[in-house]
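Enquirer: predicted model and sequence below, questions to follow.
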Amino acid sequence: MAQVKGKIVKKIATKKMEKKTTPVKKAVGIKTASKSKAQEVQEEIMLQPPRGMRDLLPGDQPYWNQLRRIFSKISLEYGYQRIDTPAVEYANLFVRSIGKGTDIVDKEMYIFTTKGGDKVALRPELTAGIGRAFIQHGMNVLPKPVKLFSTGPVYRYDRPQEGRYREHFQANFDAFGEQDPILDAQLIQLAHRVVTSIGIKNIQFQINSIGCPKCRKEYQGLLVAYFESKKQKLCINCKKRLEINPLRILDCKEDKCIQVAALAPQSIDRLCNECRVHFKSLLEYLDELDLPYVINPRLVRGLSYYTKTVFEIWSGDEEGKKHSLGGGGRYDHLIDELGGEHTPAIGFGLGMDRLVQEMKRVHAKMYIEPKPRVFLAQLGDLAKKKSLNVFAELQKNGILTAESFGRGSLKSQLRLADRLGVEITLIIGQKEALDETVIVKDMVSGTQETVNHQRLIIAVKKILKNNVVVLHTEE
RNA sequence: GCGGGUAUCGUCUAACGGUUAAGACAUCGGUUUGUGGUACCGAGAAUUAGGGUUCGAUUCCCUGUACUCGCCCCA
């Protein structure tokens, strides 16, 4: 630290001396004091968020706004109502719903004890909290299906890499109280609509059925027996999985496990009658919808509450690389697992960060935010005072106006106005302030006229040729 | 959690182990006091942190940190 300080002092001292400007001693004293203080503070606060957290800067917001618009439109179309649940829940909610033995619960949860001694966690996904709210607020008395839509941050203590953050945003669509497979199909249709509205092409759905607790138990028995017989050919992780969560061996990425898994019994061959019928009609509906799907018998998903239908949405780029955008499935027993009345349900989540990433990749068409077409310049103390009211008056009339009240010279204000590309600059100086007038300058032609306050709005609108940007409109 | 790569002004880039750490873009101010662009002038702004090797380190070595890529896993 001392060394750092010395370095800075030296650097500044030599710089100042050569410039021969301000008294050297004074300048150095002030400079170094504030400088090192700033450095100390910056070191203390790190000047960056913790690992895996990031800022969504103004430049990114158009993408997020676009997404929000699409979500609110589609949730309206399909009858999903918005719900927001807390980012913090009791840890047991997730242990109970997502399940022990899953990576999410075992190694990726932000879990901590509050000052009051409660064991809580940052939500690693949205469905559990929504399920909890469903039971707590007695939503089972609402007409079925109860369709809920939610977005918000979720947290996983994972290693960040491309498209992967410890805090990321998900959008969730969940429908409670209906077991008909047409709902499964409609949800997949909804997912398809969201993704294509965004402008993403090259989508593929991967679909599987993992059965209900009854047939899955039988299937798992078969699977375990099979893998036990090939145990020596499995990777270390899969040997562990065999004990904890044998289904997950199916989507291990190790070559040798893939080979073993290829010949493993498939869940869709072992479904009970009910599950088979359910899956079969889902496929019929999907064929009717003409959606791009493939059956992937090795698709399992990392949350243990799923039953019957599971699916994922993938997008492919030019290089053939695939990006997972989201996934979901049926969870007919989640609500009773959480202590509620038996309620079949289905839902899916989309990774909003990844959708934004894809939007950028495919250069998605964006809704363009209105930009100010008028600039308000002021000159002198009196004009400055008046300008606040003029500004408010313009906004009230739906005229988006930019300004730079803090700036002094008219020249710098006009320069800014020009750079913003406005069509009109309004100028209030000492004289105008006294006369209750404003100079209306047409930036294209360069001509200007002085008008009364009363006539200001009309004059401005006339120049803008009725193409007034109106605020507070939907869409 | 495991491996590989990277780290210089706000951004992008430059600097045989020896420079006052350079430039461009951006920002701010100015070129006579009430009018834009261009041009010109000026200002602020960086070697990720800590150790080591060396007469001397932005440069070489080690460690931490962050970013990034791959694995694991997922969205």
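Expert: Sure, I can see it.
Enquirer: list the buried residues of the host helix or strand of residue A:355.
Expert: Using DSSP states H and E, residue A:355 sits in helix A:352-361. Using 16 or more other CB atoms under 10 Å as the test for burial, helix A:352-361 gives A:352, A:353, A:354, A:355, A:356, A:357, A:358, A:359. The C-beta positions use only the backbone N, C-alpha and C, and glycine is treated the same way.
Enquirer: make CSV out of the residues you listed and add distance to residue A:168 and pLDDT.
Expert: Below are the buried residues of helix A:352-361 laid out as CSV (distance: CB to CB, whole Å; pLDDT from 0 to 100):
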residue, distance to residue A:168, pLDDT
A:352, 7, 92
A:353, 5, 90
A:354, 8, 89
A:355, 11, 91
A:356, 10, 90
A:357, 11, 87
A:358, 14, 87
A:359, 15, 88
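Enquirer: filter those residues down to the ones close to RNA strand B.
Expert: Taking CB under 7 Å from any atom of the strand as the test, RNA strand B is in contact with A:353, A:354 out of the buried residues of helix A:352-361.
Enquirer: could you dump the buried residues of helix A:352-361 into CSV and include distance to residue A:387?
Expert: Listed next are the buried residues of helix A:352-361 as CSV, based on distance: CB to CB, whole Å:
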residue, distance to residue A:387
A:352, 40
A:353, 41
A:354, 45
A:355, 42
A:356, 38
A:357, 42
A:358, 44
A:359, 39
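Enquirer: can you tell me the SS state at residue A:402?
Expert: Secondary structure for residue A:402, judged by DSSP: H, G, I helix; E, B strand; the rest coil, is strand.
Enquirer: need the contact list for residue A:191.
Expert: Going by CB atoms under 8 Å, 6 or more residues apart in numbering, residue A:191 touches A:173, A:205, A:313, A:326, A:328, A:348, A:350.
Enquirer: what about 10 Å?
Expert: Contacts for residue A:191 (CB atoms under 10 Å, 6 or more residues apart in numbering) come out as A:74, A:173, A:203, A:205, A:291, A:311-313, A:325-328, A:348-350.
Enquirer: just how off-centre is the helix holding residue A:355 within its chain?
Expert: 9 Å (CA atoms, centre = their mean, to the nearest Å).
Enquirer: likewise for stretch A:453-462?
Expert: Worked out by CA atoms, centre = their mean, stretch A:453-462 lies 42 Å from the chain centre.
Enquirer: what about the closest residue to RNA strand B within chain A, how many residues close to it?
Expert: Here chain A gets closest to RNA strand B at one residue, residue A:302, 1.8 Å apart by CB to the nearest atom of the strand. The tally of other residues near residue A:302 (other CB atoms under 10 Å) stands at 17.
Enquirer: A helix includes it, no?
Expert: No - read with three-state DSSP, residue A:302 is coil and lies in no helix.
Enquirer: residues in contact with the closest residue to it other than its chain neighbours?
Expert: In space, and not counting its chain neighbours, residue A:302 is closest to residue A:102: 5.5 Å by CB to CB, 6 or more residues apart in numbering. Residues near residue A:102 by CB under 10 Å, 6+ apart: A:94-95, A:108-109, A:124, A:244-245, A:248, A:301-305.
Enquirer: one more time with 7 Å
Expert: Shown in contact with residue A:102 (CB atoms under 7 Å, 6 or more residues apart in numbering): A:302, A:303, A:304.
Enquirer: could you do residue A:71 as well?
Expert: Going by CB under 7 Å, 6+ apart, residue A:71 touches A:151, A:171.
Enquirer: so the helix or strand it falls within versus helix A:352-361, what angle?
Expert: Using DSSP H and E, residue A:71 sits within helix A:61-77. On the basis of axes from the mean of the first three to the mean of the last three CA atoms, to 10 degrees, helix A:61-77 is oriented at 110 degrees to helix A:352-361.
Enquirer: pull out the buried residues from helix A:61-77.
Expert: Across helix A:61-77, burial judged by 16+ other CB under 10 Å covers A:63, A:64, A:66, A:67, A:70, A:71, A:72, A:74, A:75.
Enquirer: how far out from the middle of the chain is stretch A:80-93?
Expert: 16 Å.
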